[in-house]
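K.L.:
Sequence first, predicted model second:
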Amino acid sequence: MLKVNSAVLVTSAPAIGAFPPAGRFEIVLVGKSNVGKSSFINAILGRKSLARTSSEPGKTRTANFYLVNDDFYIVDMPGYGYAKTSKKIKEGFGPLIESYLKKRDADFVVIHLLDYRHPPTADDIRMHELIRSCGITPVTVLTKEDKLKRNERAKLFDTIASELAIDEDEAVLEFSTQNRQLIEEMQNFLGELICSI
């Protein structure tokens, strides 16, 4: 299991030139603005407010690097697909994520978070395709599991897997900040991933 002794936000980078030097393993989070990336980070790291959550989606407009145990980074990318974010700013999100995927000289894994309650949006599908086009196999995490009944989860799981054309070699994990078991399963998954590098 992932044991967290220390976790700190080291930089909020608006462009790849402001990223910290490569050399540590990186867990990169991508997803829509309201998918719950900040809550995911806080739950996984056992911190209440390390990553700031907001009632207004679209607040994260930089790549936020969290250094964990002085060993690896969790990288929170800007959210995409929020309608009220200006077009100019929205257009800036894609290039930042794409430049990371194509140019970052580091060992990393991409976790694509999606809201379990809804089928993938066009933006979700485009993001999944972008990740794959860079030769990267993403890990898909379905958030807000606690908001659904069991039969709803089964139906939506199949819909999401189908619309994203998820391959057999892609990991798909359920997650909820309200479910201790799912938090621990995610910590185990990430802990094993880091140990395997």
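P.N.:
Structure's in. What do you need?
K.L.:
Buried residues in stretch 20-28, which are they?
P.N.:
Going by neighbour count (16 or more other CB atoms under 10 Å), the buried part of stretch 20-28 is 20, 24-28. Where C-beta positions appear, they are placed from N, C-alpha and C, glycine not excepted.
K.L.:
An error on my part: the question was meant for stretch 30-47.
P.N.:
Judged by neighbour count (16+ other CB under 10 Å), stretch 30-47 contains these buried residues: 30-45.
K.L.:
From those, which land in strands?
P.N.:
With strands identified by DSSP state E, the entries of those that belong to them are 30-31.
K.L.:
can you give me the helices in the protein?
P.N.:
Secondary structure of the chain (DSSP state H): helices located at 37-45, 87-103, 122-133, 150-163, 180-196.
K.L.:
how far away is the residue nearest to the spatial centre of the chain from Asp158?
P.N.:
Among the residues of the chain, Leu29 comes closest to the average C-alpha position under CA atoms, centre = their mean, at 2.3 Å. Relative to Asp158, Leu29 is positioned 24 Å away (criterion: CB to CB, to the nearest Å).
K.L.:
okay, and the helix or strand of this structure with the least pLDDT?
P.N.:
Between all helices and strands in the chain, the lowest mean by mean pLDDT, DSSP states H and E belongs to helix 87-103, at a mean of 70.
K.L.:
Model confidence for the spatially closest residue to Arg61 that is not a sequence neighbour, exactly?
P.N.:
Counting by CB to CB, 6 or more residues apart in numbering, Pro78 is the residue found nearest to Arg61 once chain neighbours are left out, at 5.2 Å. Pro78 is assigned 90 on the pLDDT scale.
K.L.:
Now do Pro78: how many residues are near it, please.
P.N.:
25 (other CB atoms under 10 Å).
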